[in-house]
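**Q** Pasted the sequence and its predicted model underneath.
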Amino acid sequence: MITCITCLVQLCGTVLSVTRLKFVGSEVAVMLATFIPFISDGLSLVQPWLLLAFSHVARGKIMGTIFRKKLKKSVVAIPKSTTYV
């Protein structure tokens with residue numbers, strides 16, 4: 001699913017670029033040039049959210065990193081060194 005959505009966004013960017021090249025020097029090319037950065041930025045912004053939405057493994061790791069549970073304090077025994085001088 002992630003691949004399909006990112007492929008669709010990349011396809012939109014490709015169509016805009018090819019169409020812009022076809023109409024070089026016209027007002028259409030100038031208008032399409034204004035959309036290209038938004039397509040690029042949109043792809044960069046949408047990919048992490050798609051990964052979070054559709055991948056339960058990635059979602060679990062990200063949520064585990066962001067919302068870490070406080071660990072219970074445990075007693076740790078450290079033995080004395082036998083090579084103490």
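**A** Good, I have the coordinates.
**Q** SS state for the spatially most central residue of the chain?
**A** With distances taken as C-alpha atoms, centre = their mean, residue 48 lies nearest the centre of the chain, 2.6 Å away. Judged by DSSP: H, G, I helix; E, B strand; the rest coil, the three-state class of residue 48 is helix.
**Q** tell me the pLDDT at it?
**A** We note a pLDDT of 81 for residue 48 in this prediction.
**Q** Could you do residue 65 as well?
**A** According to the prediction, residue 65 has pLDDT 84.
**Q** So which bits of the strand or helix carrying it are buried?
**A** Here residue 65 is covered by helix 56-66, with elements defined by DSSP states H and E. By 16 or more other C-beta atoms under 10 Å, helix 56-66 has no buried positions at all. (Each C-beta comes from the backbone N, C-alpha and C, glycine too.)
**Q** For the residue nearest to the centre of the chain, give its distance to residue 15.
**A** For residue 48, the distance to residue 15 equals 24 Å [C-beta to C-beta, to the nearest Å].
**Q** ok, for residue 47, nearest residue in space, not its chain neighbours?
**A** With C-beta to C-beta, 6 or more residues apart in numbering as the criterion, residue 47 has its nearest non-adjacent residue at 6.0 Å, and that residue is residue 6.
**Q** wait, what's in contact with that neighbour?
**A** Going by C-beta atoms under 8 Å, 6 or more residues apart in numbering, residue 6 touches 43, 46, 47, 50.
**Q** how does it look with 7 Å?
**A** 43, 47, 50 (C-beta atoms under 7 Å, 6 or more residues apart in numbering).
**Q** Let's see the PyMOL selection covering just the buried ones among those residues.
**A** Selection of buried members from the contacts of residue 6 for PyMOL, criterion 16+ other C-beta under 10 Å:
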select buried, resi 43+50
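**Q** how about the strands of this protein, start to end?
**A** Here the chain has no strands by DSSP state E.
**Q** got a markdown table for the contacts of residue 6, with distance to residue 60 too?
**A** Listed next are those as a markdown table, based on distance: C-beta to C-beta, whole Å:
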| residue | distance to residue 60 |
| --- | --- |
| 43 | 25 |
| 47 | 18 |
| 50 | 16 |
